[in-house]
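In: have a look at this prediction, sequence included:
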Amino acid sequence: MTFRLASAFAVSVLAILLGWALEVRAQMGAEEWFLKGNTLSSTGRFDEAVEAYKRSIEKNPKATVAHFNLGLAYKNLNRMGEAAAAFEKTVELEPGNLDARYSLGNVYNHLERWEDAIAQLNIVVHRRRADAEAHGNLGWAYFNYKKGPPFKHLVIVNLRKAVRLFEAKDQLGSADATRRVLEEAMARFGFPEVH
């Protein structure tokens, strides 16, 4: 009887260890695919990177960073709908991920989903007040939003802040591009020019 108990215990322990080893192997597989995706992305092979990230996600569907990098690869391929879906999944898994929310808002701007862009980018600018790109993208989304009343002041405030932040970071090309949109918005909305 003791031998049977010991054998049953040994089999149970072996089964648990085997299950754990298979789980670890699957996770390692997910990490290997993820790293392969990163290598492919870094060399501009985004189609192949997409496939690697998808394999990583198949093995570990809750890996936020794999979904995020998948979105970046899709964005680099100008496949904005698929990029949006990957970033949406990232935000679903990690709602506090401001990089994912910024990227999602940026992609929504490309898709002309202004209201959705505004929702994501507002979260980013309220938590990262010195994010020039987020302010610029938010100003652009407000500038193009047509479903309700124009958000004239929010367009101007965000674009002005983006210009100042870009200048402070010595990103003069971005500051100039944003300033042109700001000037167009001020002319459209009847704001006086301020130099």
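Out: Happy to help now that I have it. Numbers count the residues shown, from 1 in each chain.
In: okay, now the domains of this structure?
Out: Annotated domains of the chain cover 1-95, 101-195 [automatic domain parsing].
In: what's in contact with stretch 79-89?
Out: 67-68, 70-72, 74-75, 100, 103-104, 107-108, 110-111, 113 (Cβ atoms under 8 Å, 6 or more residues apart in numbering). Every C-beta, even on glycine, is put in place using the N, C-alpha and C of the backbone.
In: what residues sit buried inside stretch 178-195?
Out: By neighbour count on 16 or more other Cβ atoms under 10 Å, the buried set for stretch 178-195 is 178, 179, 181, 182, 185, 186.
In: count of neighbours near the nearest residue to the second one once chain neighbours are set aside?
Out: This points to residue 179. Closest residue to residue 179 apart from its sequence neighbours, by Cβ to Cβ, 6 or more residues apart in numbering: residue 163 at 5.2 Å. Neighbourhood size, residue 163 [other Cβ atoms under 10 Å]: 23.
In: and the contacts of the helix or strand harbouring residue 163?
Out: Here residue 163 sits within helix 152-168, counting by DSSP states H and E. Identification of contacts with helix 152-168 by Cβ under 8 Å, 6+ apart yields 125, 130-133, 135-136, 138-140, 142-143, 172, 174-175, 178-179, 181-182, 185-186, 189, 191.
In: kindly recompute the last result at 6 Å.
Out: For helix 152-168, contacts defined as Cβ atoms under 6 Å, 6 or more residues apart in numbering pick out 132, 135-136, 138-139, 142-143, 174-175, 178-179, 181-182, 185, 189.
In: tell me the mean pLDDT over that helix?
Out: Average pLDDT, helix 152-168: 97.
In: can you show me the CA trace of that helix as CSV?
Out: Coordinates of each C-alpha in helix 152-168 appear next as CSV, following Å, rounded to 0.1, in the frame of the first residue of the first chain:
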residue,chain,number,x,y,z
LYS,A,152,-11.9,75.9,-31.8
HIS,A,153,-10.1,76.7,-28.5
LEU,A,154,-9.0,73.1,-28.0
VAL,A,155,-7.5,73.1,-31.5
ILE,A,156,-5.6,76.3,-30.8
VAL,A,157,-4.5,75.3,-27.3
ASN,A,158,-3.2,71.9,-28.3
LEU,A,159,-1.4,73.1,-31.4
ARG,A,160,0.2,76.0,-29.6
LYS,A,161,1.4,73.7,-26.9
ALA,A,162,2.8,71.3,-29.4
VAL,A,163,4.7,74.0,-31.2
ARG,A,164,6.2,75.2,-27.9
LEU,A,165,7.1,71.7,-26.8
PHE,A,166,8.7,70.9,-30.2
GLU,A,167,10.7,74.1,-30.0
ALA,A,168,11.9,73.3,-26.5
